[in-house]
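**Q** sequence first, predicted model second:
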Amino acid sequence: MKDSIKPATVLTLKDEVNYADDAVVSKTLTKNKNGNTTLFAFDKGQGLSEHAAPFDTLAYIVDGKCRITIGGEEYELREGQMILMPATIPHAVEAIKPFKMMLIMIKDPK
């Protein structure tokens, strides 16, 4: 897949994905064999049900407030904060109020 952003382009993350009523919107910024970067916009009450990923994932909160559960422990995050979701550990995401996040999935080359 070709990246959806061009090299040497300045982005304002908040402006790259828009909220939609009762929905989760996503936009892939980069994707290659080493991982991907995706922006999400969650309306209040929306989320991602518990699941596990095979790779470490960084969640950076761009706007708003959310609850991220990792291995059964809940964390509330707001704009400017980030958290590492370790590979194979179940995690879930819920919008406390509308929020945007950038996910960076880092694939292990092994």
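**A** It's in. Numbering: from 1, shown residues only.
**Q** for the helix or strand hosting K65, which strands pair with it and how are they oriented?
**A** Per DSSP states H and E, K65 falls inside strand 56-70. Within its sheet, strand 56-70 is paired with strand 73-78 (antiparallel), strand 82-85 (antiparallel), strand 91-106 (antiparallel), according to DSSP bridges.
**Q** average pLDDT across that strand?
**A** Across strand 56-70, the average pLDDT comes to 98.
**Q** tell me which of the strands paired with strand 56-70 is the most buried.
**A** strand 91-106 (a mean of 20; mean count of other C-beta atoms under 10 Å). For glycine as for every other residue, the C-beta is placed from the backbone atoms N, C-alpha and C.
**Q** before we move on, back to that, pull out the buried positions in the strand holding K65.
**A** Neighbour-count burial for strand 56-70, counted by 16 or more other C-beta atoms under 10 Å, picks out 56-66, 68-70.
**Q** now the strands paired with strand 56-70 in CSV, with mean pLDDT and distance to A20?
**A** Listed next are the strands paired with strand 56-70 as CSV, based on pLDDT from 0 to 100; distance: least, C-beta to C-beta, whole Å:
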stretch, mean pLDDT, distance to A20
strand 73-78, 98, 21
strand 82-85, 98, 24
strand 91-106, 97, 10
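**Q** nearest to S49, out of those?
**A** Closest to S49 of these is strand 91-106 (C-beta to C-beta; 5.9 Å).
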